[in-house]
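>>> generate a structure from the sequence data that follows.
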Amino acid sequence: MWANHSTFSELISARAAVARLRLEEAQEAGLSCGTMDVNYKEIQQAAFRLNAAEHNFCLQQVEREDDNLTESFEKFGEVIQTAQDDQLVQFPTAEEIKEALFVIGP
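Numbering: from 1, shown residues only. Down below sits the predicted model:
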């Protein structure tokens, strides 16, 4: 289903970059001659829409990766037994602290 996902992402990014460039050119032309292009509003709206699409696509990718990480953590959590939970939250003993500091050195 997501075989072309990188191509789609690259396409959105490329189109957004072109729209940003067109907007910058229109702004520079407007500043240099003192009047804005008659199509400036359309150029601005196109750049805004493509930037929003690129941003939303990136957010969807992050959410998808977060879901995969959550599933991985849940699977890992199933491996840990209840008896191990107690061992994981115990405070270190004075001897363990002394040994750790000795290993670190001065």
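>>> and the strand or helix carrying residue 67, what's buried?
Residue 67 is part of helix 40-79, with elements assigned from DSSP states H and E. Within helix 40-79, the residues scored as buried using 16 or more other Cβ atoms under 10 Å are 43, 44, 46, 47, 50, 51, 54, 57. (C-beta placed from N, C-alpha, C; glycine too.)
>>> let me know the next secondary structure element after the worst-scoring helix or strand of the chain on mean pLDDT.
Counting by mean pLDDT, DSSP states H and E, the weakest-scoring helix or strand in the chain turns out to be helix 82-88, with a mean of 67. Scanning forward in sequence from helix 82-88 by DSSP H and E, the next helix or strand is helix 94-104.
>>> show residues contacting that next one.
Identification of contacts with helix 94-104 by Cβ atoms under 8 Å, 6 or more residues apart in numbering yields residue 92.
>>> confirm for me that residue 20 is in contact with residue 48.
No: if you go by Cβ atoms under 8 Å, residue 20 and residue 48 don't touch, sitting 9.9 Å apart.
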